[in-house]
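Asker: have a look; sequence and predicted model below, questions after that.
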Amino acid sequence: MRGLGGLLDVARSGLTAQTGGVNASAQNVANANTPGYARRTALLEARALGGVDLAAIRRTSTAWVEQRLAEASGQESRASRHDLELARLEPLFSPTGPSVGTDLERMFAAFGEVASNPSDPTARSLALTRGSEVASRFREVADGIAARRQELLEEAKTLAETASDLAEELAKVSSEIAKVEAAGGDAGGLRDQQARALSDLSQIVDVQTFENSNGELVVRAAGTTLVEGGVARTMAADLDGSGDLRLTVSSGSSLPADATASLSGGRLAAIRDARDGDLEEIAGDLDQLAFDLASAVNAQHAAGYGADGGTGRAFFDAGATVDGAARALQLSSDVAGQPDRVAAAELATSGPGDGENARRLAALADAAFAAGGQRTGSEEWGRIVGDVGRRKAATAADLETRTAMREQADALRQSESGVSLDEEMVSLMRYQRAYEASAQVLRTADELLAEVVSRFGR
């Protein structure tokens, strides 16, 4: 022991160390609800010759726990965004309101009215009106899907720009952390900022992080390096040659790398899944049904004769190919606005009472002309509606699973890095008591020293 001077030094070290502990707990309490914040722990070390040092205030965090939470959050974000997109699609196929199915039934019923009253111009006009309504409903649904696909492309572009901004932020923070820690400083606040940026990035795209051989942060997004140390690359979204979403990552000196196929998490993956998966496939089914309907009705209509004696006329125009048929579907110019041209008669010489061809047109309601001759038009529409519902149920179930996994990962992080206010109150009391005891030691040593001076200082 080094006498009273040494005792004073021990007491002072205790005051300094306990003050550091109070500061760490104060930071924890202040940031209890701050996103990305990791609990601080004061590390105290005993001196070899007596006393204590505040070795460091450590940020309590484990890389693999942070990575697990980022992955789980990204998957939840993907599932949530995918589920939302299917929820937005459902109203276009609502079975309770006006739909392609009900309009088909009304059109075929109108053909039946023409068959019963082939000389009635009102019945013929109604058949054209019902046919126009069918075409309009197909276009309404198809246009809604096409518009949403375009909106999703614009959203993907915005998200890619946001990801690029976050990459720039991460590169800057990574450089600042390296400088601070190389100088022996505390970069805990910068690491909190880094964690927040990584969390935000994981909501957009799947993220994996590690350190390279130089100890620099490396961030890989969609299987491609986005950040390495102080260097950030740029992410962009556009369309490929087939009209599908394409995500690229590039730097100023390299060609863009296509990362679309590697997307596995975040909102960008959900947009790709919904836009080029669900919406494109459902639009394809709708096009096929529109094309099959037009083909079947046109074939039967062209075989009959209008009241003007004309034949070989199309009832619908859906274009020459299946692709885009639903958006193109409309009444043919051969009959639009001309009720006399509705081909109700089987023969040109049958007279005004012949409604046989109209009966055959009405019978198409029960004919399996859709899905390669497997279903009626109404049955195929019902299958499409059911498919939309099935997809929505699947995304809802996936969201429930992903949310549970994210909550589990978040609980793991909270157990390691989260702030417990009850624990911090206990720590504050402990540091306070230790500070008060160190202060008492200091006062005692000071009094003893004063006593020594008063007795022997003369």
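Answerer: That came through fine.

Asker: contacting residues for the closest residue to Leu104 other than its chain neighbours?
Answerer: Leaving out its chain neighbours, the residue that sits closest to Leu104 by CB to CB, 6 or more residues apart in numbering is Gly377, at 5.1 Å. Glycine gets a C-beta too; all of them are placed from N, C-alpha and C. Contact analysis of Gly377 by CB atoms under 8 Å, 6 or more residues apart in numbering lists 104, 289, 292-293, 296, 364-365, 369-370.

Asker: any chance of those in TSV, plus distance to Glu346 and pLDDT?
Answerer: TSV is the format used below for the contacts of Gly377 (distance: CB to CB, whole Å; pLDDT from 0 to 100):
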residue	distance to Glu346	pLDDT
Leu104	23	96
Leu289	27	97
Asp292	24	97
Leu293	22	97
Ala296	17	97
Leu364	15	97
Ala365	18	96
Phe369	20	95
Ala370	25	95
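
Asker: of those, which is the most crowded?
Answerer: The most crowded member of the contacts of Gly377, judged by other CB atoms under 10 Å, is Leu293 (28 neighbours).

Asker: now that one: closest residue in space that isn't a chain neighbour?
Answerer: Gly377 (5.4 Å).

Asker: now that neighbour: how far from Ser295?
Answerer: Distance of Gly377 to Ser295, given as CB to CB, to the nearest Å: 11 Å.

Asker: ok, now Ala222?
Answerer: 42 Å.

Asker: the more surrounded of these two?
Answerer: Ala222 (27 against 17).

Asker: that one reaches Ala257, doesn't it?
Answerer: No - Ala222 sits out of contact with Ala257 when judged by CB atoms under 8 Å, with a separation of 9.4 Å.

Asker: okay, and the common contacts of the two?
Answerer: Contacts common to Ala222 and Ala257, judged by CB under 8 Å, 6+ apart, are Val249.

Asker: and stretch 29-40, which residues are buried?
Answerer: 31, 36-40 (16 or more other CB atoms under 10 Å).

Asker: so which of those sits lowest on pLDDT?
Answerer: Of all the buried residues of stretch 29-40, Gly36 carries the smallest pLDDT score, 79.

Asker: next one: phi and psi at that residue?
Answerer: Here is the backbone geometry of Gly36 (degrees, to the nearest 10): phi 80, psi -10.

Asker: next one: it from Glu168, what distance?
Answerer: 18 Å.

Asker: same check, this time on Ala437
Answerer: Using CB to CB, Ala437 is found at 50 Å from Glu168.

Asker: what of Gly131?
Answerer: For Gly131 relative to Glu168 (CB to CB), the value is 57 Å.

Asker: so between these two, which is more surrounded?
Answerer: For the pair Gly131 and Glu168, the greater number of neighbours falls to Gly131 (27 against 15), based on other CB under 10 Å.

Asker: distance from the chain centre to the strand or helix carrying that one, please.
Answerer: Using DSSP states H and E, Gly131 sits within helix 121-182. Distance, stretch centre to chain centre, for helix 121-182: 12 Å (CA atoms, centre = their mean, to the nearest Å).

Asker: which is the next helix or strand following it?
Answerer: Following helix 121-182 in sequence, per DSSP H and E, is helix 188-204.
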